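Visitor: just need the structure, nothing else, for what follows:
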Amino acid sequence: MGEPVSGFRTRGQATALAAVRRWVMGVHAPHALLFTGPPGVGKTTLALDLVAGLCCLAAEPSGRPCRTCVACRKIDHGNHPDVHRLAPGGAGGQIRIPDVRRLLADLALLPAEARIRAAVVEQAHRLNPDAQNALLKLLEEAPPNVVIVLTAEAEALLLETVVSRCQRLRLGPVSRAEISRLLVDAGVADPAQAALLARAAGGQPGVALALAGDPEATVAEARLVRTLLDLITADRRTRLAAAPELLADARRLVGAVLVGDPDAETNASDESPSEDGAITSASPGRRLSPAARRQGALRLVEAWRWLARDLALVGAGRGASARRLDLADELQAAAARLPAGAMVGFLSRLDHLAAALEAYANPELVVDGLLLAWPHATLATAA
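Guide: Here you go, the predicted structure:
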């Protein structure tokens with residue numbers, strides 16, 4: 001779909017958006033929903049579209065959400081008394097039992113202004129097992145005026161008992177054309193810039209918007225990818241030495257902050273590895289939180305996956321489908337020197353280590369493992 005529907009802000013998710021629109025227009029919405037898909041494809045946006053539509057005060061259901069009534073404006077500003085949002089926090093980046101209990105207490109109250117009480121639980125895969133179990137009773141026996149929406153990257157990251165009690169919608173990557181239109185409509189890029197950012201975003205509107213709003217992040221993304229390309233010909237020592245720089249650039253892309261200084265931005269020049277592998281600031285007393293370390297490593301893995309995929313496509317003669325056409329010459333040169341099928345094997349290894357990272361493996365050790373597993377161009381000439 002080329003244009004947003006009514007006041008819906010979700011783009012490029014025609015099937016999921018059609019279901020949400022039916023619920024807004026009067027078909028009874030399920031009390032428990034699970035939206036899954038890769039990071040940045042619009043899961044939270046769709047959840048808030050649904051909640052806004054259900055709370056909107058517009059007389060005609062077809063005009064909801066209107067984005068202009070008091071209810072819609074309060075939801076946009078995050079201060080609607082009947083709408084609750086829960087997201088990971090704290091050093092471990094988890095959602096814990098006390099957070100869930102507070103949510104359950106809020107949802108037990110009658111609506112103050114809207115027809116319903118609603119909750120959006122972002123990154124529900126960050127609910128620890130005890131917190132997921134605490135949600136089960138609500139998911140099984142929710143009051144008739146409660147709607148709860150969970151968002152997660154994959155169903156497999158949640159307890160089966162939680163998944164089975166939710167109606168599920170899967171969101172996929174968004175087309176480049178749709179992302180480009182979104183950026184232009186939002187006024188954050190001209191058509192030429194939007195086309196480049198849409199290609200770099202890999203089907204993730206959230207990534208495109210982040211890159212458009214932060215020129216430094218765009219530079220960091222390009223530098224990160226070029227460093228990985230250079231490491232294809234590097235020896236073991238050089239690869240491991242590159243880890244701090246790669247992680248620092250990746251953290252710029254997710255806006256990770258330092259413990260004890262929540263308003264500070266991390267500068268690569270100020271960072272050095274500590275004895276346990278954590279990157280610390282040169283300034284005394286400032287140290288990256290475990291959550292910031294993991295977020296940076298996950299963002300690095302994401303960029304790495306796209307680069308490996310591009311190299312696999314170029315190696316298979318399908319370079320026109322690559323994400324980074326701006327690096328076409330570099331991709332072609334690297335792919336020509338790699339063993340056939342090397343990137344397919346690496347992608348399997350990457351997925352395995354990414355799962356370990358999600359399970360709270362040491363981020364620096366995971367990155368070191370990937371650096372050592374990264375296919376080496378000299379293998380091609382040895383065959």
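
Visitor: now do the same contact list for residue 347.
Guide: 305, 308-309, 312 (CB atoms under 8 Å, 6 or more residues apart in numbering). Every C-beta, even on glycine, is put in place using the N, C-alpha and C of the backbone.

Visitor: most neighbours among these, which one?
Guide: residue 308 (22 neighbours; other CB atoms under 10 Å).

Visitor: tell me the confidence at that one?
Guide: Note for residue 308: predicted pLDDT of 92.

Visitor: so what's it up against?
Guide: Each residue near residue 308 by CB under 8 Å, 6+ apart is listed here: 343, 346-347, 350.

Visitor: between these, which sits nearest residue 206?
Guide: Using CB to CB, residue 350 comes nearest to residue 206 of the contacts of residue 308, at 21.1 Å.

Visitor: can I assume that closest one is in contact with residue 306?
Guide: No: contact criterion CB atoms under 8 Å: residue 350 and residue 306 do not qualify, at 10.8 Å.

Visitor: got JSON lines for the contacts of residue 347, with secondary structure too?
Guide: What follows is the contacts of residue 347, written out as JSON lines (DSSP: H, G, I helix; E, B strand; the rest coil):
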{"residue": "305", "secondary structure": "helix"}
{"residue": "308", "secondary structure": "helix"}
{"residue": "309", "secondary structure": "helix"}
{"residue": "312", "secondary structure": "helix"}
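
Visitor: that older thread, residue 350 and residue 306: which has the busier surroundings?
Guide: The neighbour count for residue 350 versus residue 306, taken as other CB under 10 Å, is higher for residue 350 (22 against 18).

Visitor: give the full set of residues in contact with the more buried one.
Guide: 301, 304-305, 308, 370, 373.

Visitor: any idea of the mean pLDDT in the helix or strand hosting it?
Guide: In this structure, residue 350 sits in helix 342-358 according to DSSP states H and E. For helix 342-358, the mean pLDDT works out to 87.

Visitor: distance to residue 11 added to the contacts of residue 347, as CSV?
Guide: Output for the contacts of residue 347, formatted as CSV (distance: CB to CB, whole Å):
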residue, distance to residue 11
305, 23
308, 27
309, 23
312, 28
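
Visitor: so what touches stretch 52-63?
Guide: Residues outside stretch 52-63 that contact it (CB under 8 Å, 6+ apart): 6-8, 20-21, 23-26, 29, 64-67, 69-72, 75-76, 80, 82-83, 113-116, 118, 147.

Visitor: how about a cut-off of 10 Å?
Guide: Under the contact criterion CB atoms under 10 Å, 6 or more residues apart in numbering, stretch 52-63 has outside partners 5-9, 20-21, 23-27, 29, 64-76, 80, 82-83, 111, 113-118, 147.

Visitor: strands - which of these land there?
Guide: Using DSSP state E, the subset of the contacts of stretch 52-63 located in strands is 83, 117-118, 147.

Visitor: mind exporting stretch 31-43 as CSV, just the C-alpha atoms?
Guide: Only the C-alpha atoms of stretch 31-43 are listed here, as CSV (Å, rounded to 0.1, in the frame of the first residue of the first chain):
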residue,chain,number,x,y,z
HIS,A,31,-8.0,-9.2,24.3
ALA,A,32,-4.4,-10.5,23.8
LEU,A,33,-2.3,-9.9,20.7
LEU,A,34,1.2,-10.7,19.7
PHE,A,35,2.9,-8.8,16.9
THR,A,36,6.2,-10.4,15.8
GLY,A,37,8.9,-9.4,13.3
PRO,A,38,12.4,-8.1,12.9
PRO,A,39,13.5,-4.9,14.8
GLY,A,40,12.4,-1.7,13.2
VAL,A,41,9.6,-3.0,10.9
GLY,A,42,6.8,-1.2,12.8
LYS,A,43,5.5,-3.5,15.5
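
Visitor: mean confidence for it?
Guide: Stretch 31-43 comes out at a mean pLDDT of 92.

Visitor: how about that stretch, which residues are buried there?
Guide: Under the neighbour-count criterion of 16 or more other CB atoms under 10 Å, stretch 31-43 has 31-38, 40-43 buried.

Visitor: what's the answer for stretch 333-341, then?
Guide: 334-335, 337-339.

Visitor: same question, stretch 325-334
Guide: Buried residues in stretch 325-334, defined by neighbour count with 16+ other CB under 10 Å: 327, 330-331, 334.

Visitor: hey, C-alpha coordinates of it in CSV?
Guide: Taking Å, rounded to 0.1, in the frame of the first residue of the first chain, the C-alpha atoms of stretch 325-334 are listed here in CSV:
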residue,chain,number,x,y,z
LEU,A,325,24.7,-0.9,-4.1
ASP,A,326,26.8,2.1,-3.1
LEU,A,327,29.5,-0.5,-2.2
ALA,A,328,29.0,-2.6,-5.4
ASP,A,329,32.7,-2.5,-6.5
GLU,A,330,33.9,-3.5,-3.0
LEU,A,331,31.3,-6.2,-2.7
GLN,A,332,32.2,-7.6,-6.1
ALA,A,333,36.0,-7.6,-5.3
ALA,A,334,35.5,-9.3,-1.9
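
Visitor: and the residue nearest to residue 315 when sequence neighbours are not counted, what does it touch?
Guide: Computed as CB to CB, 6 or more residues apart in numbering, the closest residue to residue 315 that is not its neighbour in sequence is residue 335, at 4.2 Å. Residues counted as contacts of residue 335 (CB under 10 Å, 6+ apart) are 232, 310-317, 319, 322, 342-343, 377, 380.
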